[in-house]
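Participant: Predicted coordinates and the sequence they were generated for:
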Amino acid sequence: MADNKTTQQEVLSDIESRAPQSMHPILEAAFKYQKQLILAVSVIIGVTAIYAGYNAYAAKAKATAQAELGVILVETRNKDQIEKLETLLSTVPASVKPAVVLEIAQASMTFGEYAKAVTYWGMLVGETNDDMQFTARMGKAKALLLEGKSADALTEMKELVGIASAAYTVPVYRQLALAAETAGDTVEALDAYKKIAEKDVADKPFIDYKISQLESK
């Protein structure tokens, strides 16, 4: 043990003789606490290994969930798809959850489960942001309308009109017009159709007809 200390001291003295005086306290501290430093480095390496292992596991879980989602969408084309997607939703990692929720909402719309669609569109609103969140809100409004809740759909669409980007202007006013007309709000529906008429749309004759129809009421 004494020989080891002597050797370390000799090594330190040799290094100090070659280093500036200002570096000596740092070198002495490094030698004094070398065991603690080695231990700290070992801990860091251990944590890094664990983190890398977790990332590999997470990546594998994500890939597996995506693959399972693809199989369900390809192999199940009837109403059973909803149940299988809901089962998958309970097992997927958070990164895949929005994709599964979206598919459940769309499948619910396809198979006429509008109340369920409202629930999952609403869930998707909470799982996403920006354009995807906006699209989810439009999906929810459409599901509400198809469920027979035109007043609720109209309320949702009125909110969306105020925040819609230019790319969404026409789709939003179309859905607003339909919701308003269904809810019996002729004034709101007429205004929405007039907004659409200001745009370059392919079905301009139909829009003009709707305006004329509502104005005559």
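Facilitator: Yep, that arrived. Predicted model, so just to flag it, every value in this text is computed and none were measured. Residues are numbered from 1 along each chain as shown.
Participant: List the residue ranges of the protein that fall below the pLDDT cut-off.
Facilitator: Residue ranges of the chain with pLDDT under 70: 1-61.
Participant: Give me the most central residue, it.
Facilitator: Taking CA atoms, centre = their mean, the centroid of the chain lies closest to residue 128, which sits 3.7 Å from it.
Participant: For that one, which non-adjacent residue is closest in space?
Facilitator: Distance criterion CB to CB, 6 or more residues apart in numbering; nearest residue to residue 128, sequence neighbours excluded, is residue 98 at 5.6 Å. (Glycine included, C-beta is placed from N, CA and C.)
Participant: I'd assumed residue 145 was in contact with residue 121.
Facilitator: No. Assessed by CB atoms under 8 Å, residue 121 is found out of contact with residue 145, at 11.9 Å.
Participant: quick one: contacts for the residue nearest to residue 128?
Facilitator: For residue 98, the contacting residues are 124, 127-128, 132, by CB atoms under 8 Å, 6 or more residues apart in numbering.
Participant: returning to what we had before: relative to residue 68, how far out is the residue nearest to the centre of the chain?
Facilitator: Applying CB to CB, to the nearest Å, the value for residue 128 to residue 68 is 21 Å.
Participant: do the same with residue 180
Facilitator: In terms of CB to CB, residue 180 sits 41 Å off from residue 68.
Participant: For these two, indicate the residue with more neighbours.
Facilitator: Of the pair residue 180 and residue 68, residue 180 is the one with more neighbours under other CB atoms under 10 Å, namely 25 against 18.
Participant: Can you tell me the SS state at the more buried one?
Facilitator: Following DSSP: H, G, I helix; E, B strand; the rest coil, we place residue 180 in the helix state.
Participant: Might you report the residue contacts of it?
Facilitator: By CB under 8 Å, 6+ apart, the neighbours of residue 180 are 154, 157, 186, 188-189, 192.
Participant: Would you mind listing the two of those that lie farthest apart?
Facilitator: Checked with CB to CB, those reach their widest spread between 157 and 186, with 15.4 Å between them.
Participant: ok, the two, which is more surrounded?
Facilitator: Between residue 157 and residue 186, counted using other CB under 10 Å, residue 157 has the larger neighbour count: 28 against 14.
Participant: what ranges do the helices span in the chain?
Facilitator: For the chain, helices defined by DSSP state H occupy the ranges 2-18, 24-32, 34-75, 80-89, 97-110, 114-127, 130-146, 150-161, 169-183, 186-197, 204-215.
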